[in-house]
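Chemist: need a 3D model of the sequence below.
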Amino acid sequence: MILLRKIHFAIFFLSCHYVFAANETPQGVVDCTIIFEQRKAEILKGIEKIDEQQQALQALQSATQAVLDQKQQALNEQEREVNATMEATNLKEEKIKKLIAENEEILKAIKKAKDNKIAETYTNMKDSKAAPILEGLPNSQAATILFNLEPKVMSKVLAKMTPARAAELTRILQKGPPFVDAVDLTKTQESAATQTFAPSNNVPGGGNGSGGGAI
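Modeler: Sure, this is the predicted structure:
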């Protein structure tokens, strides 16, 4: 701003010098001084106006930069929060997956122990008594128990069954576990669909009761 003032004054004095050189009389110097004094206030006012505009522009630039910096800071903070939330979510997800895997292993161990216990019971039972019991069970249950028996015990039990039933269970055993009855799977799917559409009107009391009577 000071440099701008100096430039204006220099231009003005050069103009006066040109006038003085053209007139080459003391009167020209006097006229130049008078003109300078008359225009001095106007020039200073113009310079001050330019200074004010420059100051206003600088203030606007500073304010704009401050707003931009504040927004950038807020965005950075939001990004940090999002990253922290995602990290915490990922950790929770990993923990949940680990717990699910552990629970599945526990359930498998429990089922294995249960199957082994049942198999041990049938192993200690006479094949002539075990055969009719297994023959009357659903395919999945009978196949599961037979699968956990020793081969010698299994062959003896199958030999005491009717040929048709023994052949049926043998075909199922050849497919390997898990053993699921097609009828049971269909009933499970139908039950799930029924409960989805009308849960309040489909309490499985009657079905369980009939199943309990069959057992």
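Chemist: per-residue pLDDT of residue 49, please?
Modeler: On the pLDDT scale, residue 49 is placed at 86.
Chemist: distance check, it against residue 115.
Modeler: Residue 49 sits at a distance of 97 Å from residue 115 (criterion: C-beta to C-beta, to the nearest Å). Glycine gets a C-beta too; all of them are placed from N, C-alpha and C.
Chemist: between those two, which one's more packed in?
Modeler: Neighbours per residue, other C-beta atoms under 10 Å: of residue 49 and residue 115, the larger number sits with residue 115, 15 against 10.
Chemist: residue contacts, that one?
Modeler: Under the criterion of C-beta atoms under 8 Å, 6 or more residues apart in numbering, the neighbours of residue 115 are 144, 145, 148.
Chemist: following the chain past the helix or strand it falls within, name the next helix or strand.
Modeler: Residue 115 is part of helix 26-124 when elements are defined by DSSP states H and E. For helix 26-124, the following helix or strand on the C-terminal side (DSSP H and E) is helix 127-136.
Chemist: quick one, domains of the protein?
Modeler: Residue ranges for each domain of the chain read 2-83, 125-182, as given by automatic domain parsing.
Chemist: of all those domains, which one is nearest residue 101?
Modeler: In this view, these are compared for proximity to residue 101 by C-beta to C-beta, and domain 125-182 is the closest at 18.3 Å.
Chemist: so for the closest one, mean pLDDT?
Modeler: Confidence for domain 125-182, expressed as mean pLDDT, is 90.
Chemist: could you report the neighbour count for residue 143?
Modeler: Residues within reach of residue 143, counting by other C-beta under 10 Å, total 26.
Chemist: what sits against it?
Modeler: When contacts are counted by C-beta under 8 Å, 6+ apart, residue 143 touches 169, 172, 173, 177, 179.
Chemist: now the strand or helix carrying it: buried residues?
Modeler: Mapping residue 143 onto the secondary structure by DSSP H and E places it in helix 139-147. When neighbours are counted by 16 or more other C-beta atoms under 10 Å, the buried residues of helix 139-147 are found to be 139, 140, 142, 143, 144, 145, 146, 147.
Chemist: now those as TSV including distance to residue 128?
Modeler: Output for the buried residues of helix 139-147, formatted as TSV (distance: C-beta to C-beta, whole Å):
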residue	distance to residue 128
139	21
140	24
142	16
143	20
144	21
145	16
146	16
147	21
